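[1] could you look at this predicted model? Sequence included:
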Amino acid sequence: MNPVVDYRTKIARPNLHQLRPYGDTMDDGKVQLSFSLPVPDGAEAVEAARQLATKMGLRDAAVVHHEDIGEGFSFFVLYGNCQHAVDYANIHVPKVDVERMDFYAVNAFIRDRIGRKVVILGACTGTDAHTVGIDAIMNMKGYNGEYGLERYPEIDAYNLGSQVENAELVRKAIELRADALLVSQVVTQKDVHLHNLAHLVDLLEAQGLRERLVLVAGGPRITHELALELGYDAGFGPGTLAPEVASFVVQEMVRRGLA
Amino acid sequence: MNPVVDYRTKIARPNLHQLRPYGDTMDDGKVQLSFSLPVPDGAEAVEAARQLATKMGLRDAAVVHHEDIGEGFSFFVLYGNCQHAVDYANIHVPKVDVERMDFYAVNAFIRDRIGRKVVILGACTGTDAHTVGIDAIMNMKGYNGEYGLERYPEIDAYNLGSQVENAELVRKAIELRADALLVSQVVTQKDVHLHNLAHLVDLLEAQGLRERLVLVAGGPRITHELALELGYDAGFGPGTLAPEVASFVVQEMVRRGLA
Amino acid sequence: MASKLYLDPQLVARGRAAAGQIADDMDAFIRQRTTIAVERTALRLFGVDGVDADGVPLPNRVADQVHEAGGLAGGVARWWVNGRLQTGLGPQELAEAVGDGMVTLTELPLAPEEEIRRAGRRWAEEALDRIRGNRRDRDHRIARLGEGPQPYLYVIVATGNIYEDVVQAKAAARQGADIIAVIRSTGQSLLDYVPYGATTEGFGGTYATQENFRIMRAALDEVGEEVGRYIRLCNYCSGLCMPEIAAMGAMERLDVMLNDALYGILFRDINPERTLVDQAFSRMLNSFAGVIINTGEDNYLTTADAVEAAHTVLASQFINEQFALRAGLPEEQMGLGHAFEMNPMLEDGFLYELAQAQMVREIFPKAPIKYMPPTKHMTGNIFRGHVQDALFNLVGVATQQGIQLLGMMTEQIHTPLVHDRHLAIESARYIFNNARHLGDELTFKPDGIIVRRAQTVLQEAVALLERIVDIGFFEALAKGLFADVKRSRQGGRGRAGVVLRDPDYFNPFEERLRVELGLSGQEVRA
Amino acid sequence: MASKLYLDPQLVARGRAAAGQIADDMDAFIRQRTTIAVERTALRLFGVDGVDADGVPLPNRVADQVHEAGGLAGGVARWWVNGRLQTGLGPQELAEAVGDGMVTLTELPLAPEEEIRRAGRRWAEEALDRIRGNRRDRDHRIARLGEGPQPYLYVIVATGNIYEDVVQAKAAARQGADIIAVIRSTGQSLLDYVPYGATTEGFGGTYATQENFRIMRAALDEVGEEVGRYIRLCNYCSGLCMPEIAAMGAMERLDVMLNDALYGILFRDINPERTLVDQAFSRMLNSFAGVIINTGEDNYLTTADAVEAAHTVLASQFINEQFALRAGLPEEQMGLGHAFEMNPMLEDGFLYELAQAQMVREIFPKAPIKYMPPTKHMTGNIFRGHVQDALFNLVGVATQQGIQLLGMMTEQIHTPLVHDRHLAIESARYIFNNARHLGDELTFKPDGIIVRRAQTVLQEAVALLERIVDIGFFEALAKGLFADVKRSRQGGRGRAGVVLRDPDYFNPFEERLRVELGLSGQEVRA
Ligand code: B12
Ligand code: B12
Ligand SMILES: Cc1ncc(COP(=O)(O)O)c(C=O)c1O
Ligand SMILES: Cc1ncc(COP(=O)(O)O)c(C=O)c1O
C-alpha cells in the first residue's frame, strides 16, 4: 500500500500580497452580491446588473436571481470572480495598544499608579436613546459575565444615560472633574453619529478641556481607526467589555501624565 | 385643510444613463457583498475585506459581519455604496425574436408553412444526467401546465435522455433526419457546459450538418446571448416552456428555408 | 377552546383582577388631571393647525398662552370657545391671532358658561363626525377590498424622507404587506410639539406630521386599490405629544397606533404622571376612531433578559389591557405587544418562545396580539438573522398571532432597504402559507417543557401583579420592575405639563367620548 | 412509544410482508448470478490494486481476462487463487503479470479444488481481518472522542480536487459537521472501472479512488482529534463499480456509503439485473464493515412530485429495508432516504413534510434515517432558499431524523462554497439546539391534516407494494412506478457484466460473510 500523501504539501497557499476571495479553489475570487435597481425586472435590468458587477471587477458575473419587487424596482443576486486583490501582508491596522488587565489588576493599577479615584462619565449622546451598549460598560451588573465600571472600587463611574446633549455632557464633565468620557453612538443613519462625535470634540476643544480628558467612543459601528480620525483617544466596537475600556483609560492617563 | 401634495412630483427619478443600485434613497448605490478570505479572522482580515470592497468601487464599505470559519478562513458580510453606474438606457439585449405561438398555432403553422412533420431531437449531453429540464420541454406531460413536444401532432419528437455523447447525438440526428436539435446542459462546474456545447457545434460543422439544422441550447445557466456566442441559433434559460421553443424552431426553419 | 397549555383560568382571573385594581387606582389619579398635550389635542380637534412665523405650532401657542396665564386647570376648551364666541373668528384666524399676540384668550370677557359649553359641544361634535366618517370609510374600504389574513404582515419604512417612504411603502404593499408603519425620527418623542408639514429630513425615521400622515394615507389607499387589499397605516402616538398624534391619526384615518405610556416612561424617560394622563385621553380617541393600538412590552426584552423577564411582559399586558378598558378600548383593538427576543443560543429556546406566544394568545383571545421579531440578538450575519426571523414567523403562524411585525435580516445594521423588506415579506408569506393550519394541528405534552414554562410565567406574572397592587404602580416603576429600568414618579420629561383639574374642568371631547365609549363620567375628586 | 400518527401496526406489517416477498423473489434471482464487478471486488479484496501502463486498473485486467475466457461463472477467485498457487507470485506481481499478458489465469494448470478453496479462504480471512480491524478502530475512536448528537450534520464537498476537498472538509468539521461526503465527479458511476490514485480534476465532484479515500480519511481523523469528535467519511458505492467501492471503503474505514441499486437503475440507467446483484454483495461488505448505507429514495422526488409520489418513497424504503436484511445489514446501519422536496408554495406543505418525516421515523424506528433537503425547488434566491432549509432543519429535529443532509442556500447555483457550507451548518446547529426537545413535546390532532396525510401515504404505499408483489419487481420498474422513470429489465448499462453462476461458483468472501452475517448459504438454483 502506498504511504498516504501528505495533503498539506499539495494544498494551494494564498498569496498574501495578492489576496483574493476564496470560494472553493484558491484565488477563484468568488464573491456574492445582492442589490436592487430602480428599473423594472427584465432582460435589460439583468444585463445592467451584470454590467455593474463587471464594473466592480467581477469576471464571469452571473445573475443567479432576479425578481420584480414592485414600484419599478428589481432585485438581484449575483456571483462572480473578483479580479481585485489586496496586499494583506502589508496591512497595518491601528489597535488599542495597551496591556489588557482584569478587574483586580485595574483597581490595583489605579491604587499604585494614580493614587486617587478615577472619575469616568458615560453617556449615549444626542438624540440617540440606546442605553444597552453604554450600560454594558458602566452598570454594576455588566455584560457577558464582566462587571461594569460602577463596580470598580477605584473608579467613580457616572452613567448619564441616553439622549444626553453634548453641551450637557461637557457641563457634567466640568462639574464632576471627569478624567475620562465614554461616549456611545448607536444610531448611524445619515452619519448622525459622526456629526455628533465630532461636535463633542469641538466643544471640548473650545473649552480647553480636550487635553485634560481621556476621550473614548464606542458603538456597533465604531472602530478604533474611526475614533482616532474623529479626534478620540480610542474607539471600541461590538462585544467590548468593561475591563478593556478601563485598562485603556487608566494606562492612557498615566501615559499622558493625567494621573 | 391643505390639498394633499402629489407625492409623485416629489419622488426622485433614476437617471437611466447613470443607473446605480438603490437601497432606500435614489442613487445611494447600496450593495450587499459576502465572501471568504483565505486568512484567519482578525482586524487585518477585516481591513483586507474592506479594502477589497473599496477596490470594487464601494464608498463607505463597512464590514458588518466577520467570522472565523475554520482552517484559516474567514467569512465577511459587507455593505457599501457602489460608485459605478451603467447606461441602462442604451442596453440592448439580443432576444429570441419570433412570434410566440401556442400549441394549436404551432401545429397549424407546421401544416400550413412546412407541410410535413418536423423532426426534433432532444438530449442532455456529455456526462450530464439531468433530464428534468429537457423532459420539461419534450415529454408528453410537459411542465407548468404546458404540454411537451411529444404531444404535438405535427412534431416527431425524440427525447434521447441524458448522458448522451455528442457523437451519439449527431449519429441519431443523421439517422432520424432531424430538423432541430435541443441540447440541455445543467452542470456548469469548471465550464464543462461551454466545452460540451462548443464541441457539438464542431462536430456538426465537421459533418457539414450545422447549416441544415436548427440548433438550440437550454439550461439554468444558458442565455440566448451565450448560445449565440457558442454558435447556436437560440438559447433558453430557466422557466422555458415548450411552445416558446417550438415557435422558435418552426419559424427559424421557414426563415432559413429549411422547411 | 380548551387551553393547549392547561393554564389555570382562576390564575388568569386573579391576574386580571390585580391588574384591574392597579388600573383603577391609576384611573382615579388620571381623572383628576389634565396635561398641556391633552389641551393641545382639544385645540387640534377644534381645528387649530399650522405654525407661526417662528415655526411654532399654533396649538402650542394657544395652549401655552392659557397655561402661562394659569388657565389650563379648567380646560383650554372654555377659553378657546369663548374666544371664538367673543371674536367671531374662525379657528385658523383665531389661532393665528393668538400666535401673533393680537388676542389673549384669558383676557377676553367670558360668555355665560352654558353658552360656552353648548358651542363647545357643537364644535366638538363636528370634529368627532369627521372621525366617525373616517371610521365608516375604513369599514367600507375593507368590505370592498378585503384584507390580508392574520397574522397581518407589518413592516416599517424609515428613510427619514416622507417621499422615499411612500415609494418603499407602496413597494412593500405590492410585496404583500398589510400594515405599513412609518417610524419616527429619533428624538421626536421628546419634542413637546408636533412638527408641521411634509418632511424630508429625519434620522432613523420620518417625523410624524399631519401632512405626512395625509401623504402616506393617500399613497396607501391608491396602492390598496391596485392590489385589491386594504393597507393599514401605522404611526406612533407616544412621547410628549401622545394625544395630539392620536387626534391627528383619527383625523387622517390611520389604522394602527403605537400607544403606550410605559414605553415612554421606561425608554424615553418621560414623566410617568404626564404620560399616563396623556395615554388615557389618547386611548379614548383611538378607541373611537377604530384604531388598533400597539403596546410596547416587547421593548422590555431589549434591555432585560427575555427568559427571566418573560413574566414582566405578561404582567404589563394585563395592566395595559385594564388601562385600555378604562379608556373604552375594546379588546379587538388591543394589539398587546410581546417579542421573540430570547438568546438564539439557548437550548430549547424555540420551545420557550412557543410557550410564551401561545400563552399570550390564550390569555388575550380577542386581542390582535402584536408579535415583535428578534432584534437584540440579531447580528451582522444577515444569513443567520434571516433564519432567526424564519423561526419567529413560524411561531407567529403556529400560535395565531394577530400582527406579525416582520424582522429584517439587516436589523443590526440599518433601517430596512427596499429589498430587505421584500425578502422579509417573501419569507413570512412562504412560512405563513406553508404552515397555515399548523396551529390547529399541534398539541403539547401536558407535563412537558412548553406547558410547564407557560404555567411558570403565568404564576410569576400574577405574583408580580399582586405585589404591584401592594406597593403601588408608581413604586413598581421606581423599583425597576419593568425592563430593568428605574423611573421615579417625579422624574423625567414633561412633568411641568401636568395640571390638576379644577372642579369645573371642561373638555367636550372627553365628555362626549366617555358617553360614546360607555365610560363613567368625568369625575374630578381633587 | 405510541404512534403520534396513530398508524395502524397491522398495515405496517402488511407493507413489510409485501416488501419481504418482493425481496425474496429478487434474492432468489440474485443468488444465481455474479457480475464482473463482484468478481473485481473479490480481486481487490485479495489485494489487487494499481493500474497498467495504459492506466487500466489491474482488477479490471484480471477479471476481464477471465471473463473473456468464459471463466467468470465459477467465480474469479478460483482462477486467481490457483494462479497464485501455480506462479508463487504475490498479488501485486501476479496482477501485473496478468496485465502485461505474461500470465493467462485460465490457462494455468489447476490445483486440486480443496487446496484452492483452502488457500482462498485463508487469504480472504486476511482481507476480512483488515476490515474487522478498521471497524474496531472506528469503535475505539468513537468511544474515545465521542460523536455529535443526532441528527448528524452531513455535508458534501465537491470541488473536483481531493486536496481542495480536504481543506473544505476540515473546515466543515471545525464548523460542526459530523459526516463529510465527498461527491463523485459526474459520470463516474457509468465507468466500469474505478479510477486510480489521487485526483484533482472532476466535474461537480471528485473521483472516488482508494487513494482519495485514504487522503480524506487521514485528514478527517486528524481534525477529529482536534475538535474532539469522530468525523464520519461518506462516499458512494453505486453505479457500475458498486461492490468494488464498498470494498475500498471497507478497507479505508469509510463510515457511510450511498448504496442503492434503485438509484442507479432510475437515475443512471444502469441495468437492473446488474446492479441488483452488485448491491447484494456490496451490502454484505457494508454490513460487515459497520458502514451505514444511505438509500436514494429522496431522488424520486426530484423527478416526480413530492406530494403525489410520497408513497413511492415509503414503498421503496420498505423494499430497501428487506433487501438490506437479506444482505445481513442491521437496521442500525440503514440510512433510508427521504426528502423535503414539496413545492414551497403549497399551502400547509410544512404539515405534509412533518407528516412524512414523522411517519418514516415511526415505521423504521431503529434506522438512522437520512433526510435530504429541498433541492428541486431551490432557486437562485439564496435568501429564500436559506429559509426553506431552515424549515427542513426544524422538521428534521422535530421528528428526530438520524442523518440530516444539510441544504445549501446556493443549491440551484453551484456546488457548495466554503461559506455556503459554514452558513448551512451554523443554521442547522442553531435550529437543532434551539428546538432540541421539540420532538418530545409535540403531539398532533388525531383527525388532523398531519395524521390523515401520514395514514393516506401509508395506505398508498402498502397498496403499491402489494401491486408490485403481483406484477413483479422488474415489471414495476418497467412501468415507471418509481420516480416516473421507466426502466426495462434488459436495458441500461452494464448488463454484459452479469453472469449466471455455475453450481461450483466459488467466492470465499461471500461465503464467509454469509456466515458472519447469519445469512443462509450461497445457494445456486440455476
Ligand atoms: C435595543 C434596541 C433599541 C431599544 C433601546 C433600548 C435601550 N434602552 O437601549 C429601543 C426599542 C428603545 C430602540 C429604539 C430605537 N431604535 Co433601536 N435598536 C435596538 C437594537 C435591537 C439592539 C441594540 C443593543 O442593545 N445592542 C446590544 C448592545 C450591548 O450592543 P452595542 O450597542 O453594540 O454595545 C456594545 C459595543 O458596541 C460597545 N459599546 C457601545 N457603546 C459604547 C460606548 C463606549 C464608550 C464603549 C467603550 C463601548 C461601547 O460595547 C457594548 C457591549 O459590548 C438594535 C439592533 C441590533 N440588533 O443591534 C436597534 C437599532 C440600533 N435601533 C435603531 C433605530 C433606528 C431605533 C429607533 C430610532 C427607531 C425608531 N425610530 O423608533 C428607536 C429610537 C431610538 C433613539 N432615539 O435612538 C437602528 C439604528 C439604525 C442605524 N444604524 O442608524 C437599529 C440598528 C435597528 C435597525 N436596523 O433599524 N432600539
Ligand atoms: C434534480 C437534480 C438532480 C437529479 C437529476 C434527476 C434527473 N433525472 O434529472 C439527481 C439527483 C440525479 C442529480 C444528480 C446530480 N446533480 Co443535480 N441537481 C438537481 C437539481 C436539484 C434540480 C435540477 C432540476 O431538475 N431543475 C428543474 C428543471 C425543470 O429546471 P432546468 O433544468 O433549469 O430546466 C428548465 C430550463 O433551464 C430549460 N431547459 C433546460 N434544458 C433545456 C434544453 C433546451 C433545449 C431548452 C430549450 C430549454 C431547456 O427549460 C426547463 C424548463 O423550464 C439541481 C439544483 C437546482 N435546484 O437547480 C441540482 C444540480 C443541477 N445538480 C448538480 C450536481 C453537481 C449533480 C451531481 C453531479 C452531483 C454528484 N456528483 O452526485 C449529480 C450527478 C448528475 C450528473 N452526472 O450530471 C449541481 C450542478 C452544479 C453546477 N452548476 O455545475 C446542481 C446545481 C446542485 C448543486 N448546487 O450542486 N441532480
Ligand atoms: C409603544 C412604543 N411607542 C413608541 C415607539 C417608538 O419610539 P419613539 O418614541 O422613538 O418614536 C416604540 C418603539 O418601538 C414603541 O414600542
Ligand atoms: C443512492 C445514491 N447513489 C449515488 C448517488 C450519486 O450519484 P453518482 O452516481 O453520480 O455518483 C446519489 C446521489 O444523490 C444517490 O442518492
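    Received it, and whenever you're ready, just let me know what you need. Ligands and ions are numbered 1, 2, ... in the order given.
[2] where in chain C is pLDDT low?
    Along chain C, segments meeting pLDDT under 70 span C:1, C:521-526.
[3] so which residue is smack in the middle of it?
    Residue closest to the average C-alpha location in chain C (CA atoms, centre = their mean): residue C:259, at 1.7 Å.
[4] now the residue in the stretch 151-300 of chain C that ligand 2 sits nearest to, nearest residue through space, not along the chain?
    Nearest residue of the stretch 151-300 of chain C to ligand 2: residue C:175, at 23.4 Å (CB to the nearest ligand atom). In short, each C-beta sits where N, CA and C put it, glycine included. In this structure, residue C:175 finds its nearest non-sequential neighbour in residue C:425, 4.5 Å apart by CB to CB, 6 or more residues apart in numbering or on different chains.
[5] I'd like the distance between the one you found and ligand 4.
    Applying CB to the nearest ligand atom, to the nearest Å, the value for residue C:425 to ligand 4 is 34 Å.
[6] my guess is that residue contacts residue C:172. True?
    Yes - counting by CB atoms under 8 Å, residue C:425 does reach residue C:172; the two are 6.7 Å apart.
[7] comparing these two, which shows the higher neighbour count?
    Using other CB atoms under 10 Å in any protein chain shown as the criterion, residue C:425 and residue C:172 rank with residue C:172 on top: 31 against 23.
[8] spit out the contact partners of the more buried one.
    A:70, C:155, C:157, C:180, C:421-422, C:425 (CB atoms under 8 Å, 6 or more residues apart in numbering or on different chains).
[9] got it, and residue C:127?
    C:45-47, C:251, C:509.
[10] make sure it is indeed in a helix.
    Yes - assignment of residue C:127 by DSSP: H, G, I helix; E, B strand; the rest coil places it within a helix.
[11] with adjacent residues omitted, what lies nearest to the residue of the stretch 51-200 of chain A found nearest ligand 4?
    Residue nearest to ligand 4 within the stretch 51-200 of chain A (CB to the nearest ligand atom): residue A:64, separated by 22.1 Å. Spatial nearest neighbour of residue A:64, excluding adjacent residues (CB to CB, 6+ apart): residue D:380 at 3.5 Å.
[12] hang on, the one you found is in a helix, isn't it?
    No - read with three-state DSSP, residue D:380 is coil and lies in no helix.
[13] contact residues of the stretch 151-259 of chain A facing ligand 1?
    Residues of the stretch 151-259 of chain A lying near ligand 1 by CB under 6 Å from any ligand atom: A:182-184, A:186-189, A:216-220, A:236-240, A:245.
[14] out of the residues you listed, which end up buried?
    With neighbours counted by 16 or more other CB atoms under 10 Å in any protein chain shown, those contain buried members at A:182-184, A:186-189, A:216-220, A:236-237, A:240, A:245.
[15] keep only those of those that are in strands.
    Using DSSP state E, the subset of these located in strands is A:182-184, A:216-218, A:236.
[16] ok, back up a step: and the residue nearest to residue C:175, how far is that from ligand 1?
    16 Å.
[17] in a helix, residue C:156, correct?
    No - Residue C:156: not assigned to a helix; according to three-state DSSP it is strand.
[18] next, count neighbours for it.
    22.
[19] need the contact list for it.
    Residue C:156 makes contacts with C:180-183, C:405, C:415-416, as judged by CB under 8 Å, 6+ apart.
[20] and which of the residues you listed is nearest to chain D?
    Using CB to the nearest CB, residue C:416 is the member of the contacts of residue C:156 that lies nearest chain D, at 13.6 Å.
[21] tell me the SS of the nearest residue to the closest one once chain neighbours are set aside?
    Closest residue in space to residue C:416, ignoring its immediate chain neighbours: residue C:408 at 4.8 Å, by CB to CB, 6+ apart. When classified by three-state DSSP, residue C:408 comes out as coil.
[22] picking that back up, close enough to count as contact, the residue nearest to residue A:64 and residue A:65?
    Yes - assessed by CB under 8 Å, residue D:380 is found in contact with residue A:65 at 3.3 Å.
[23] pick out whichever of those two has more residues nearby.
    residue D:380 (24 against 21).
[24] okay, and residue 93 sits in which element?
    I'll assume chain A. In this structure, residue A:93 sits in neither a helix nor a strand according to DSSP states H and E.
[25] the intended chain is chain C.
    Under the criterion of DSSP H and E, residue C:93 resides in helix C:91-99.
[26] need the contact list for whichever residue of the stretch 301-450 of chain C sits closest to ligand 3.
    Nearest residue of the stretch 301-450 of chain C to ligand 3: residue C:337, at 6.5 Å (CB to the nearest ligand atom). By CB under 8 Å, 6+ apart, the residues touching residue C:337 are C:260, C:294-299, C:313, C:317, C:370, C:372.
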